[in-house]
Structures are given as structure tokens and as C-alpha cells.
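Asker: Next input, structure requested:
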Amino acid sequence: MQFYAHIVRRQILKNLFTKIFGKVKEEFFTIPNILSMVRILLIPVIVYLYSFEKNYPLTFIVVAFSSLTDIVDGFIARKFNMITDFGKFIDPVADKATQIVLFACVSINFPLMLVPLAVLTVKELASLALRTYVYKKTDLVWGAKWHGKHPQPLSLYCLRFTFCG
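Answerer: Residues are numbered from 1 along each chain as shown. This is a model prediction of the structure:
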């Protein structure tokens, strides 16, 4: 009886969620998608540690952890066939939001970083607009490509000097 009640509650919540947020897939809560959402949740932590606490070594550790979750989520998604449309969308958003926030934080101490920040922001907003347009027209979600993944570790490598001296 308790098992049946659990299933009914789950179905009621799923129906409510579907009514509120539209079409919901079972693949939404996969390990790679959760790791991508964790990266997004780490962004305010990075801003707080860098901008308010001025704890640059700890900020670097949090950013490194964020980058590690990016590597792990991609590996798990491909290795265990957990690639979802939501993951194809949220993973690049998490990557680029992290990069933009990192450049924004660093530009506080190094104003010349505003130039790459502006270029990166315009590029990513244009990319997001194009991805959204393609999705609305074709129902296809573009996933991240290998050439879009290289800026993340390169940015981390370059920014480590501002975090750790």
C-alpha cells in the first residue's frame, strides 16, 4: 500500500511539474545534468570568495572543482549513454556562465580584462540566441563541440595566476 501511495504521489508531482514547466523527460535528473547544475550553483560561491572574501587560493580550488565536474559530467554522459537534450543545453550554459563570471571577477582587479569579457559575452549571447532559434525552428539541440571545450581549461590556466599569484 505504501509503495502504491509513493507512485501516486510521484505521478501527481510529475503532472504538476509538467503543467508548470511544460514537457518533462525522465532523463532530466541524470548525474551529468546534476553536475552541470552544481557548476551553475558554484558561480555565486566563486563571486563571493573572489570579490568579497578576497580568498584567491580557495576561489581557485572552487573553480578547479567546477572544471573537474565539467570533465566528469562529459565523461559519464558519453560513457554511460546519458546524453540528453537538457544536458546539451545546460552544459555549455554552465561553462560559459562560469567563464564570464571569472572574467568579470578578475576585471575588478585587472581592468584590461574587460576587453576579453566583452568579446566573450557578446560571442556567447549570440551563440545562445542562435541555439535558441535553431531549437525553435527544428527541435534540435546543439551539444557542445570539442573546439568549444578548449577555452575552459585554457581560461582556468590563465586565471590561476590571478588567483594564486
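Asker: for the protein, which spans come out with low pLDDT?
Answerer: In the predicted model, the chain carries pLDDT under 70 at residues 1-27, 141-165.
Asker: thinking Asp91 is in contact with Asp73, fair?
Answerer: Yes - with contact defined as C-beta atoms under 8 Å, Asp91 reaches Asp73; the gap is 6.6 Å. The C-beta positions use only the backbone N, C-alpha and C, and glycine is treated the same way.
Asker: which neighbours do these two share?
Answerer: Common contacts of Asp91 and Asp73 (C-beta atoms under 8 Å, 6 or more residues apart in numbering): 32, 36.
Asker: Could you identify the helix or strand that succeeds the helix or strand where Pro32 lies?
Answerer: Using DSSP states H and E, the element containing Pro32 is helix 31-47. Note on helix 31-47: by DSSP H and E, the next helix or strand toward the C-terminus is helix 56-79.
Asker: ok, then the element right after that next one?
Answerer: Next helix or strand after helix 56-79 toward the C-terminus (DSSP H and E): helix 85-109.
Asker: what helices or strands is that next one leaning on?
Answerer: helix 31-47, helix 56-79, helix 114-138, helix 146-149, helix 151-164 (3 or more C-beta pairs under 8 Å, 6 or more residues apart in numbering; DSSP states H and E).
Asker: Just the angle for the third one relative to helix 85-109, thanks.
Answerer: Between the axes of helix 114-138 and helix 85-109, defined by axes from the mean of the first three to the mean of the last three C-alpha atoms, to 10 degrees, the angle is 160 degrees.
Asker: So which residues make contact with helix 114-138?
Answerer: Against helix 114-138 from outside (C-beta under 8 Å, 6+ apart): 89, 92-93, 96, 99-100, 103-104, 107, 140-142.
Asker: just these now: which is nearest Ser67?
Answerer: Gln99 (10.3 Å; C-beta to C-beta).
Asker: what's around that closest one, how many residues?
Answerer: Using other C-beta atoms under 10 Å, Gln99 has 21 neighbouring residues.
Asker: ditto for Leu120
Answerer: Neighbours of Leu120 (other C-beta under 10 Å): 18.
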